[in-house]
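Quick one: sequence plus predicted model below, questions after.
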Amino acid sequence: MYEAAIPADPPSIPAIHGPPAQAVPALAVEELSHSFGKRMALDHVSFAVPPAGFTMLLGLNGAGKTTLFSLITRLYSNRSGAIRIFGFDLRRQPTRALERIGVVFQQPTLDLDLTVRQNLRYHGGLHGMAPSDCEARAREELERIGLADRADDRVRALSGGQRRRVEIARALLHRPKLLLLDEPTVGLDTESRRHILDHVRALCRGQDLAVLWATHLMDEATDEDSVVVLHQGRLRASGTVRAVRAEAGAATLPAAFAALTTGERRP
Ligand SMILES: Nc1ncnc2c1ncn2[C@@H]1O[C@H](COP(=O)(O)OP(=O)(O)OP(=O)(O)O)[C@@H](O)[C@H]1O
């Protein structure tokens, strides 16, 4: 009911005269804070993810990456600050905001005793997709990840890397425009890691998709990426890899990251 009072379109109408309108970010996080008791997991964090392209969310253990994902997916509700997805405020327009995102959580969430197809159908049902559309999309995404021939196998029979790929296919089933992945390569061998990363980068290029990929593995970032660096709940840097390197006065991203995440909280 609350949503009916809100304009259907995000606030990005370009002016006919005047400066060109900025593209609405896929994700805008504004002054976001979150505490667990006295522990501040996120402290006035602000950054934006461009509407298409690959953004790495970099942070050591405990930086606040999972807490941030939990707030963006509404597992927790934010009491301070704002989260906008393609201009839709998550608190005021949750349906419009959430339908635009797909999520791969840190912990695997497939039902191991259901088949691949049944897992995808279940997700499509939750998103209100018509069964025929859901079937067609499942076929499309399974073909894209090279697992169409495993659609009727139980997930339990798949390798760790294959399960991750199914989770990515599932996250994309309802055609989101922003894909969030929380440490999606943890626990995978080098080849599976590379395969998953290459797959998501290709999606990003070919599907006009914005990706936010949380990791603490520096070697997963490239010079073309945008990065957001979190440390102990605070934003330490955000922007292109080049800008972040320049800000830290470092020659490489790992060196910049080390410089930005050393020591205690900045005042
Ligand atoms: N449910 C919770 N209850 C209490 N404290 C929590 C809870 N979840 C996270 N924290 C704390 O919040 C801080 C941020 O944790 P978070 O899991 O968001 O970090 P992270 O960057 O995802 O780390 P990791 O890479 O280890 O998953 C940590 O100090 C953590 O101990």
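Good, I have the coordinates.

And the strands in the stretch 1-150 of the chain?
Ranges of strands within the stretch 1-150 of the chain are 27-36, 39-49, 53-58, 80-85, 88-89, 101-104, based on DSSP state E, counting those that start in this stretch.

Would you reformat these as JSON lines and include mean pLDDT?
Shown next, in JSON lines, are these (pLDDT from 0 to 100):
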{"stretch": "strand 27-36", "mean pLDDT": "96"}
{"stretch": "strand 39-49", "mean pLDDT": "96"}
{"stretch": "strand 53-58", "mean pLDDT": "94"}
{"stretch": "strand 80-85", "mean pLDDT": "95"}
{"stretch": "strand 88-89", "mean pLDDT": "96"}
{"stretch": "strand 101-104", "mean pLDDT": "96"}
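
Could you pick out the residues of the stretch 1-150 of the chain near the ligand for me?
Proximity of the stretch 1-150 of the chain to the ligand (C-beta under 6 Å from any ligand atom) is limited to residues Phe36, Arg39, Ala41, Gly59, Asn61, Gly62, Ala63, Gly64, Lys65, Thr66, Thr67. Using the backbone N, CA and C atoms, a C-beta is placed for each residue, glycine as well.

so what's whichever residue of the stretch 101-250 of the chain sits closest to the ligand scoring on pLDDT?
The ligand sits closest to His216 of the stretch 101-250 of the chain, with a gap of 5.7 Å, by C-beta to the nearest ligand atom. pLDDT for His216: 86.

out of everything not next to it in sequence, what's closest to it?
Leu60 (5.6 Å; C-beta to C-beta, 6 or more residues apart in numbering).

which regions of the stretch 1-150 of the chain lie under the pLDDT threshold?
Applying pLDDT under 70 to the stretch 1-150 of the chain flags the ranges 1-22.

nope, the stretch 151-267 of the chain is what I was after
Along the stretch 151-267 of the chain, segments meeting pLDDT under 70 span 263-267.

Return the residues of it in contact with the ligand.
His216.

Show the residue spans covered by the helices in the stretch 151-267 of the chain.
160-172, 190-206, 241-248, 253-260 (DSSP state H, counting those that start in this stretch).

Just the buried residues of the longest one, please?
This points to helix 190-206. Ser192, Arg193, His195, Ile196, Leu197, His199, Val200, Arg201, Leu203, Cys204 (16 or more other C-beta atoms under 10 Å).

which residues sit in contact with the last one?
Cys204 makes contact with Ala52, Gly53, Phe54, Ala210, Val211 under the criterion C-beta atoms under 8 Å, 6 or more residues apart in numbering.

Would you mind confirming that the last one makes contact with Ala202?
Same thing as Val211. No - when contacts are counted by C-beta atoms under 8 Å, Val211 is not listed as touching Ala202 (10.9 Å).
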